[in-house]
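J.: Give the three-dimensional model of this entry:
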Amino acid sequence: MKLKIKFLYKDGPPFYHATYSVLVRTVKENLRDVRGLKDLTWFSLAALNRVNSTAGKGLLILYVIKPSMMTDIQNSTPLCVSQFKLEEVLYKRWVASENRDEASQCLSVEENIPNESRQ
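T.: Down below sits the predicted model:
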């Protein structure tokens, strides 16, 4: 099985194993044209997450947003890179047993309610 995923290293491969696998998607500014991979489904995200978790890596989805008015000629030169926008999404599965402290903090909302509203 071959995945179209790149690896992101802190300080390079000789020093650390890759912390994240990076899924790069190119999107036009109007978000209608997604190139490279098929639409991500919950099933495909769960599968990618399982593979990455087994390997001890996180999944980082990087959207490269290309200006909608950019022509193919403009896109063929390195000068176009400054016009791209990047948006990153760190995909992480929430596991209740591993995050009980966070869950209890979310549930203890009452401590932040002012006295006037408790009456």
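J.: Name the SS class of the closest residue to G56 other than its chain neighbours, please.
T.: Leaving aside its chain neighbours, G56 sits nearest to H17 (7.5 Å; criterion: CB to CB, 6 or more residues apart in numbering). C-betas here are computed from N, CA, C, even on glycine. Secondary structure assignment for H17 (DSSP: H, G, I helix; E, B strand; the rest coil): coil.
J.: So which residues of this structure form helices?
T.: For the chain, applying DSSP state H gives helices covering 42-54, 72-75, 100-107, 115-118.
J.: neighbours around the residue nearest to G56, how many?
T.: For H17, the count of nearby residues is 11 (other CB atoms under 10 Å).
J.: Kindly provide the distance from it to L45.
T.: Distance of H17 to L45, given as CB to CB, to the nearest Å: 22 Å.
J.: backbone phi and psi for the closest residue to E29 other than its chain neighbours, please?
T.: Residue nearest to E29 in three dimensions, not counting chain neighbours: S68, with 4.1 Å by CB to CB, 6+ apart. Backbone dihedrals for S68, given as degrees, to the nearest 10, come out at phi -70, psi -20.
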